Structure formats: C-alpha cells, structure tokens
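*Asks:* The following block contains a protein sequence and its predicted model.
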Amino acid sequence: MHRQLLLLFIVLFFISCNQKKTKEQQFKHTNELINESSPYLLQHAHNPVDWKAWNTENLAKAKAENKLIIISVGYSACHWCHVMEKESFENDSVAKLMNDNFISIKVDREERPDIDQIYMNAVQLMTGKGGWPLNCIALPDGRPIFGGTYFTKQEWIKMLTEIAALYKNDPQKVISYADKLIEGIKKSDLIQLNTNAVDFKSSDVNTAIKNWKEVLDFQNGGLIGDSKFPMPKALHFLLRYSIQNKDKPLQKYVDKTLVNMANGGINDPIGGGFYRYTVDSKWHIPHFEKMLYDNAQLVSLYSDAHLITKNELYKKKVAETLTFVERELMASNGAFYSSIDADSKNKSGKLEEGAYYTWEKEELQKVLKSDFALFQKYYNINATGLWENNKYILFKTQSNIDFAKENNISITELNAKLKNWKQTLLQAREKRARPHLDDKTLTSWNALMIKGYTNAYRSFKNPHYKEIAIKSASFLLNNQIQKDGSLYHSYKNGKSSITGFSEDYASVVDAFIAVYQITLDEKWLTKAKELTDYSLSHFLDKKTSMLYFTSNSSKNLITRKMEIRDDVIPGSNSVFAQNLFLLGHYYSNAAYSKIARQMLHNVTADAVKYPTEYYNWLHLMLNYTGNYYEVAVSGKEVLSRINTLQTYYLPNILIAGSTKESSLPIMENRFIPNETYIYICVEGACKLPETDVVKAVSKLLN
C-alpha cells in the first residue's frame, strides 16, 4: 500500500512539474532590454514582451521573419508610458499576442530623437495629433502603417489583432498604404529654397507679434488654453521685442507670466525647480515631472528678466532652481542628468503621480505646528490650493509685500519663516519614497544648462555660476567630442554613445559661445567654430542651406528629416542660424553670414503666419531689422569692463574681448598696452572707442 502511494506521489509530482514547465514555456520570453543603459528601456526590461532595442540586427530580424514591427517610444518621466506598461506590457496575454505576431522594439525618445521624429510625424499625419507614449506599427522594412499614442488594454489588443490579420490576409493593401504614408512623411516640413531678394523688415516682425497676441492669455500668462506650458525661449523673444519696441502691454504680459509661474503650482517652492506643465489655465495643477531642459531655459529667462525688472522674485527662482539642479540633477564630473519622474510610491507602496510633492493638511499641521496657520494662508491650504484626494499643491496668490502687510508681519520676519518652512518640509519630504531619476546625460540638454549658468552669471555675478558653467562645458569638451570632431549624443555609466544629432551641435556651439563671453578664453570660440564646420560638412543640405537632423553617416532610418519649427526647445535649424550669425561676426566669415541669412529667408513667411512655432527665427530676425552692435573690449581691465557691461540688458550686442594681442578677426589691431578701450561697430562702421562703460552703453541705447 505504501509502495503504491509512493508511486502515485512520484507520478503526480512529474505531472505537476511537466505542467509547470509547459506554462513557463508558454510565457517564456527573450526581453533584450536588460542589456541597455537607458533608464527608460531598463524600466521595461522585465516585461513579458520580447522587447528589443533599435539596431541593425533586430531590423534585419524583422525582414528575415517577415514580421510587422511595433515601435513603442517613450521616456523615463512619462506618466502615461508607465500606465500603458502596467495595463498592457506587463500582461502575459497581451505579451503573447505581441510576441507571436510582431517584432517589438522599445525606443527612448530622448536617446533617439531621430527615430521619434519620423514615427511621430507618421502618427500626426494619420491621426492629426501626437504625444507619448508613441506606438507605431511598421512593415518589416520600417515603413509605418498605423499608430497612435496611449491605448487602453482592450484598444491595444483589438488593434494588434486586426492589423496582424490584415497583413496576413492582404499584405499588398498594407504595403500600398505604407507607400503613400512614407511619401507624406518625406514631403512634410519640406523646405524650399527662397530665391527672392532677401529683405528682412520690421513690419514682418510686427505682423508676427500681432498674430501672436491673438493667442496670448493676458489674464493668467502663457497661451490661451486649458493647459499651460512655460515655453521659456518664446517668452525670451517676447521680452526682447517688448523692450526694444517699447511695447508696455507685452512687457506686462511677460512679467505676469513669469510671476504666475514663480508663484504657481508649476514651481516647487520646497525643493526648487519647475515641473513640466500644468493641466489648468492658472498654473496651479502640474504634471509633476521635472525636465532638465525646462529648468535650464527658465534659468536663462528669469536671469535676463531680472536685469530689466530687478524683481527679487526672479533672482530667488534662479537661485532655487540652480540649487535643485546641483542637488538632484548634477553628477560630480559636471554632467547633468535628464529628468525626474512624475510618479513615486505613496504610503501604500503604489506608484502615484505627485505623491512625493503634494501634502495633506494633517501632515502639514503636524510638521509645522504653531506656524501652520500662517503657512496655510501663504500657500492656500484651502479650497484654492486643493487638488484631489485631500492633497494640496502649494499655490501662492499674493506678493510677499502684500501678504506681510495683510498679516502684520515684517518682510524680514516673513523671509525667516519662509526659510524655516522650506527646510522643515524638505526634511519631511525626503523621508518619502523618491521619484525615479533618469540619470543619462544628453549632450544637447547639458548645453542648455550650461547656457543657463552663463546667463545667471552675467546677471548676478555669482562666481559659483561661472565655475559650474566652465566645469560642465569641460565635461562636454573632454567626453562628448570625438577625435574626428564629431559629437556623441548620450553619456551613461562612464560611456559616451550614439552619434550626435544637429540639436547637439547647435546647442553645444551656442553654449561654447556663451562660455567664451563670460571667460574670454578663445578656446571655447575655436571649438565652437570647429563644431560648426563639422556640422556644415555632415548635416547641411546645400540645395536649401538647411540642416538635416541626422548626419550623412546615419543608418537604419527610412528618411532624413529637418527640424525647422521651434517647440518647447528651439529647433536645431533656428539655433544653428543664430550661431552662424554670431560666428560670422567673430570671424568676419562671409560664408557663415550668407548661410544664416538664407536659412532665415527660407522660413520668413511661415514665421510671420505662425509665430508660436517660429519664435526663435523671429529672435534672429530682430538682429537684422534693427541695429546689431559688435562690442570689442581690449586691454588689461577687459573683464571688469565686460562684467559691468553685462549688468545691462543689451540683447542686440555681440561681446568680444582680450587682454592681449589676439588673432581673432574681431579683435585684430585693437590692443593698446596700458589702456582699455571699448570699440562699438555696426556693419563695419565703428564709433570712436570709449574707456567708460556708461558712455559706451549710452551709444548702444541711442
């Protein structure tokens, strides 16, 4: 009897093992993302989907197996990317559908903006809109056939099932559609060479401003709509235009926008820095991701705005933002990380948007004790500041002066309390589960941050800002520039990778020119010129004088695109045109100047019609439609004179300087021992040199 029971147990054991093995085989997957360095790709490395990276081998595999490709694009701080992962990509049945019928490729849009650019264009042509997550279905050769953004689990299953069946039963119909779509992609954003005579007019800029004012929210700041994006460089242009054209209502609009952003929920008054955007019209309810590029550009904007207004709020926001950047987004070698996620674990251990940054009333009362009553008034811990689920977003609606007066407290006392509240709540917040950090370093975004530090130094003369700008620029110089003069796009775990894009070259050249202007070390200008020459050799379309986004050595892409429009970051072509304009002056290089003029000439008509999408081009147009000054300072006191000069808001000047004889064309024959002269020239015509900065500035302002 015991022997029979033993035999039965052994049989049942082997049956159980076999069933378990069968189940494991059923869901066995070969997710290759574990070998990647991108934090976003690594987030998907344990999905049951057989995710693969974008590379030659996997694209060849799709062709060899004649399988459709799922190209799924997102980024580490993308909230809805996480939602779709949880609902669909972590689901075994969905994974099986994907694994059986498709080659699934995950793409980090920040690492590979070239891929994102092509398939985002396709989805926009198909659906009229775009966003992330971006999910596109393509033929085995990479040509897109269908796509969209976020799909629910049911929508995703239905779409995949129908497309797989259609390709199996009627492949020619799918191929025919792909042929038409790819032609549309190639023709979209197609730039034609403008062969008319170049004639940049102030009236064109004024017309663009008139068109722009129709969509400005003069009550709340930003653009009219139910959501608010900072768009720092667009505001930068409007600020410059308002000052140079004495447009007081427009300057008031920019100030209102800056104040409302600084006081609103889009700003983090406890940890510093700005969130990505708000989902309401009053800058209150943010989407809580923090991006390096937003904060970099906002530092530049608030720094320049302070030069004009002397508003201490602007100085405070620059200091708080840079403190945040150095604490949470900066490595010891001077490199900057990319972003911090919107989601983090709540008290229940579940991912929740804003869990790290929002507050419950009871928690604030416990932490702040007797100070809570005043804090409650200052940050609207009431119906005004309430978000959802009894969570509050700190939301300031009064100036410090008005608040202090209303509550019978001095400004000194209020500032002391603000400092104490910040320290107390920061300590309390740091006990929470932190949101995910995307710790890859992107060359173009690092350049934006360097530019932010140079702007901050020019405005506030804090030597620490200059030190960080040089340190970070040196990181790019020593790590991201290859021996052949080309740039890498990404850096992670001590390794540089991915061939650079035009955005990298444009942003780094811009940053290096800015570093030169605060140091007068000509190596930065020399390197900027070398990178520019490399770009012209490998990115320039000689037919149109515009730059492709990818170099002529790029592979595995179905087409080369051009980044013409300005978005949350100015497009690479507009930045490059401005670089050529500046370098044309520094080096008396007529070829640079000619290309810059042609690039702007190509887009002038569109810039006038659609100013919100061409704001950085309009910034360049101001250089051509008004006086633009070359200011060359030479002599032993050059740095002190330039430092003084930079305390004025002078957006229409190019600064050069040297303490000795220089071979730089703009500085040639201008050095006189024991003297420091300021030379001011416009289009080759120079005024008598000055020794006094105030007198020189009066010539620049008249």
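*Replies:* Yes, it's here.
*Asks:* Am I right that residue 151 is in contact with residue 137?
*Replies:* No - look at residue 151 against residue 137 with C-beta atoms under 8 Å: they stay out of range, at 11.2 Å. C-beta here means a position set from N, CA and C on the backbone, and glycine is covered the same way.
*Asks:* intersection of neighbour lists for these two?
*Replies:* residue 159 (C-beta atoms under 8 Å, 6 or more residues apart in numbering).
*Asks:* When the two are compared, which one has more neighbours?
*Replies:* residue 137 (24 against 17; other C-beta atoms under 10 Å).
*Asks:* got the contact list for that one?
*Replies:* 68-71, 102, 144-147, 159-160, 163.
*Asks:* So which of those sit within helices?
*Replies:* Residues from the contacts of residue 137 lying in helices, with DSSP state H as the criterion: 159-160, 163.
*Asks:* Highest neighbour count among the residues you listed?
*Replies:* Most surrounded of the ones in helices among the contacts of residue 137: other C-beta under 10 Å gives residue 160, at 23 neighbours.
*Asks:* which residue packs closest to that one, ignoring adjacent ones?
*Replies:* Closest residue in space to residue 160, ignoring its immediate chain neighbours: residue 97 at 5.6 Å, by C-beta to C-beta, 6 or more residues apart in numbering.
*Asks:* out of the contacts of residue 137, who's nearest residue 211?
*Replies:* residue 147 (31.6 Å; C-beta to C-beta).
*Asks:* can you give me the helices for the stretch 601-702 of the chain?
*Replies:* 615-625, 638-645, 693-701 (DSSP state H, counting those that start in this stretch).
*Asks:* Need the per-residue pLDDT for residue 16.
*Replies:* Residue 16 carries a pLDDT score of 48 in this model.
*Asks:* just to revisit the earlier point, mind checking pLDDT for the residue nearest to residue 160?
*Replies:* 95.
*Asks:* and stretch 164-184, which residues are buried?
*Replies:* 164, 166-167, 174, 177-178, 181-182 (16 or more other C-beta atoms under 10 Å).
*Asks:* Now do it: distance to the chain's middle.
*Replies:* 35 Å (C-alpha atoms, centre = their mean, to the nearest Å).
*Asks:* quick one, domains of the chain?
*Replies:* Listed domain ranges for the chain are 1-26, 31-187, 357-431, 629-701 (source: automatic domain parsing).
*Asks:* Just give me the residue closest to the centre of this protein.
*Replies:* residue 293 (3.4 Å; C-alpha atoms, centre = their mean).
*Asks:* Apart from its neighbours in sequence, what residue is nearest that residue?
*Replies:* Closest to residue 293 by C-beta to C-beta, 6+ apart is residue 445, at 4.9 Å.
*Asks:* related to what we said a few turns ago, what's whichever strand or helix holds the residue nearest to residue 160 in contact with?
*Replies:* Secondary structure from DSSP states H and E places residue 97 in helix 92-101. With contact meaning C-beta under 8 Å, 6+ apart, helix 92-101 is reached by 26-27, 29, 47-50, 67-68, 70, 88-89, 104, 153, 156-157, 160-161, 164.
*Asks:* What subset of those is buried?
*Replies:* For those, buried by 16+ other C-beta under 10 Å: 29, 47-50, 67-68, 70, 88-89, 104, 156-157, 160, 164.
*Asks:* where's the dip in pLDDT among those?
*Replies:* Among the buried ones among the contacts of helix 92-101, pLDDT bottoms out at residue 29, giving 58.
*Asks:* Low-confidence stretches in the stretch 151-300 of the chain?
*Replies:* The model of the stretch 151-300 of the chain has pLDDT under 70 over residues 189.
*Asks:* switch the cut-off to 80
*Replies:* 185-190 (pLDDT under 80).
*Asks:* Check the stretch 351-500 of the chain too.
*Replies:* In the stretch 351-500 of the chain, no residues with pLDDT under 80.
*Asks:* sorry, back to before: output the helices of the stretch 601-702 of the chain in a markdown table; the columns should cover mean neighbour count and distance to residue 332.
*Replies:* Output for the helices of the stretch 601-702 of the chain, formatted as a markdown table (neighbours: other C-beta atoms under 10 Å; distance: least, C-beta to C-beta, whole Å):
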| stretch | mean neighbour count | distance to residue 332 |
| --- | --- | --- |
| helix 615-625 | 23 | 33 |
| helix 638-645 | 18 | 28 |
| helix 693-701 | 15 | 38 |
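*Asks:* who wins for proximity to residue 125 among those helices?
*Replies:* helix 615-625 (23.7 Å).
*Asks:* avg pLDDT for that closest one?
*Replies:* 97.
*Asks:* chain center to that helix, what's the gap?
*Replies:* The answer for helix 615-625 is 21 Å, by C-alpha atoms, centre = their mean.
*Asks:* elements contacting that helix?
*Replies:* helix 202-213, helix 232-244, helix 572-586, helix 590-609 (3 or more C-beta pairs under 8 Å, 6 or more residues apart in numbering; DSSP states H and E).
*Asks:* ranking those by burial, who's on top?
*Replies:* Greatest average neighbour count among the helices and strands packed on helix 615-625 goes to helix 572-586 (a mean of 25), per mean count of other C-beta atoms under 10 Å.
*Asks:* CA atoms only for it, dumped as CSV, please.
*Replies:* The C-alpha trace of helix 572-586 is given here as CSV (Å, rounded to 0.1, in the frame of the first residue of the first chain):
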residue,chain,number,x,y,z
SER,A,572,18.1,73.0,-34.3
ASN,A,573,18.0,74.9,-37.5
SER,A,574,17.0,78.2,-35.8
VAL,A,575,19.7,77.8,-33.2
PHE,A,576,22.2,76.9,-35.9
ALA,A,577,21.3,80.0,-37.9
GLN,A,578,21.9,82.2,-34.9
ASN,A,579,25.2,80.5,-34.2
LEU,A,580,26.3,81.3,-37.8
PHE,A,581,25.2,84.9,-37.4
LEU,A,582,27.4,85.3,-34.3
LEU,A,583,30.4,83.4,-35.7
GLY,A,584,30.1,85.3,-38.9
HIS,A,585,30.8,88.4,-36.9
TYR,A,586,33.5,87.0,-34.7
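*Asks:* Does it pack against any helices or strands, and if so which?
*Replies:* helix 502-519, helix 522-538, strand 546-547, helix 590-609, helix 615-625, strand 653-658.
*Asks:* at 10 Å what do you get?
*Replies:* Under the contact criterion of 3 or more C-beta pairs under 10 Å, 6 or more residues apart in numbering; DSSP states H and E, helix 572-586 touches helix 443-460, helix 502-519, helix 522-538, strand 546-547, helix 590-609, helix 615-625, strand 629-634, strand 653-658.
*Asks:* and the longest one, how far from the chain's centre?
*Replies:* This means helix 590-609. Distance, centroid of helix 590-609 to centroid of chain: 24 Å (C-alpha atoms, centre = their mean).
*Asks:* tell me the mean pLDDT over that helix?
*Replies:* 97.
*Asks:* The nearest residue to residue 43 once chain neighbours are set aside: neighbour count?
*Replies:* Distances taken as C-beta to C-beta, 6+ apart put residue 76 closest to residue 43, at 6.8 Å, once the chain neighbours are dropped. By other C-beta under 10 Å, the residues close to residue 76 number 25.
*Asks:* Not counting sequence-adjacent ones, nearest residue to residue 661?
*Replies:* residue 671 (4.8 Å).
*Asks:* check contacts around that neighbour.
*Replies:* 634-636, 638, 658-662, 677 (C-beta atoms under 10 Å, 6 or more residues apart in numbering).
*Asks:* So which of these is the closest to residue 258?
*Replies:* The closest of the contacts of residue 671, once distances to residue 258 are taken by C-beta to C-beta, is residue 638, at 32.6 Å.
*Asks:* Quick check, that closest one in contact with residue 658.
*Replies:* Yes - when contacts are counted by C-beta atoms under 10 Å, residue 638 is listed as touching residue 658 (6.5 Å).
*Asks:* what residues do the two have in common as contacts?
*Replies:* Between them, residue 638 and residue 658 share the contacting residues 520, 632, 671, judged by C-beta under 10 Å, 6+ apart.
*Asks:* quick one: the nearest residue to the first one once chain neighbours are set aside and residue 152, what's the gap?
*Replies:* In space, not counting the residues next to it along the chain, residue 520 is nearest to residue 657; the distance is 4.7 Å by C-beta to C-beta, 6+ apart. Note on residue 657: its distance to residue 152, by C-beta to C-beta, to the nearest Å, is 60 Å.
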